[in-house]
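In: The following comprises the amino acid sequence and a computationally predicted model.
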Amino acid sequence: MAVSLYNPSSEAGLKKLDEFLLTRSYITGYQASKDDLTVYAAISKTPSAEYVNVLRWYKHIDALLRISGVSGEGSGVTVEGSAPASEVATPPAADSKASAADDDDDLDLFGEETEEEKAAAEKLAAAKKKPSKKESGKSSVLLDVKPWDDETDMVKLEEAVRSVKMEGLLWGASKLAPVGYGIKKLQIMMTIVDDQVSVDNVIEDYLTAEPINEYVQSCDIVAFNKI
């Protein structure tokens, strides 16, 4: 149910708001919502201790904004301009069941923070500061592996290439493609975890180094695509 309030920065408005919050924890509903933010923003400064209920509600909303924010949608509240006390509309009284529930909320939410509440607030603040773990990306790489000559055993060449094993490296499909003069090259796919494997290192430290360079004359990257 939508609520209409006059300027809560005026004495008349604060008085009515104080009466309104006597049996309520929030402007509407049973959790902090956008309605509370609307009224909170309309109050120009921290209410005086004279308005006990408004002050306790104001400090609670202020604490929520500092710790975790307010996500409730609310039922809709309108804050109108200031008006004489005689013209300020009194919000509809809550039924006895709702009032009793809100009284319970007052005891829990507006009193001093318990040790459990403080611990929960600290845990939430720490979780927000902790950076989320970024998942490592993967890439698909197509290599051209060329033998020394037409007498190179291409079966053994491929076995030598696939013998290179390391964490984050997975060999895939392969085929032989003609180069010329009876020479064929090995085209082979590899999938790598970017943070764990460097393709340049695989080529320089393994595929073109001993003992695999007995079969491999050169190795080139044909295609490199992020997955």
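Out: Yes, it's here.
In: Poorly predicted segments of this protein, please.
Out: Within the chain, the segments meeting pLDDT under 70 span 1-2, 68-77, 80-118, 120-121, 123-124, 127-135.
In: For it, which segments count as helices?
Out: 11-20, 34-42, 52-67, 96-109, 115-129, 154-162, 199-202 (DSSP state H).
In: for the shortest one, packing partners?
Out: Using 3 or more Cβ pairs under 8 Å, 6 or more residues apart in numbering; DSSP states H and E as the contact criterion, the neighbours of helix 199-202 among helices and strands are strand 183-193. Just so you know, the C-beta spots here come from the backbone N, C-alpha and C atoms, and that holds for glycine as well.
In: distance between the strand it packs on and the chain's centre?
Out: Chain-centre distance of strand 183-193: 38 Å, with Cα atoms, centre = their mean, to the nearest Å.
In: List the contacts of it.
Out: With Cβ atoms under 8 Å, 6 or more residues apart in numbering as the contact definition, strand 183-193 has outside contacts at 136-147, 149-150, 154, 157-158, 161, 167-179, 199, 202, 222, 227.
In: Give me the PyMOL select line for those residues, limited to the buried ones.
Out: Typed into PyMOL, the line below selects the buried ones among these, using 16 or more other Cβ atoms under 10 Å:
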select buried, resi 138+141+142+143+144+145+146+147+154+157+158+161+169+171+174+199+202
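In: just checking, which of the contacts of strand 183-193 belong to strands?
Out: Using DSSP state E, the members of the contacts of strand 183-193 that fall within strands are 138-147, 169-179, 222.
In: care to break the protein down by domain?
Out: Domain segmentation of the chain under automatic domain parsing yields 3-129, 138-226.
In: And the shortest one, end to end?
Out: What that stands for is domain 138-226. Taking Cα to Cα, to the nearest Å, the first and last residues of domain 138-226 lie 6 Å apart.
In: ditto for stretch 29-49
Out: End-to-end distance (Cα to Cα), stretch 29-49: 25 Å.
In: And that stretch, what's buried?
Out: Across stretch 29-49, burial judged by 16+ other Cβ under 10 Å covers 29, 31-40, 42-43, 47.
In: can the residues you listed go into TSV with extra columns for distance to S4?
Out: Formatted as TSV, the buried residues of stretch 29-49 follow (distance: Cβ to Cβ, whole Å):
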residue	distance to S4
G29	16
Q31	21
A32	20
S33	16
K34	15
D35	11
D36	15
L37	16
T38	11
V39	11
Y40	17
A42	12
I43	16
P47	20
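In: Return the closest of those residues with respect to L17.
Out: Looking at the buried residues of stretch 29-49 and their distance to L17, the nearest is V39, at 7.3 Å (Cβ to Cβ).
In: burial measure for the closest residue in space to that closest one that isn't next to it in sequence, as a count.
Out: Nearest residue to V39, sequence neighbours excluded (Cβ to Cβ, 6 or more residues apart in numbering): I27, at 5.4 Å. Using other Cβ atoms under 10 Å, I27 has 27 other residues around it.
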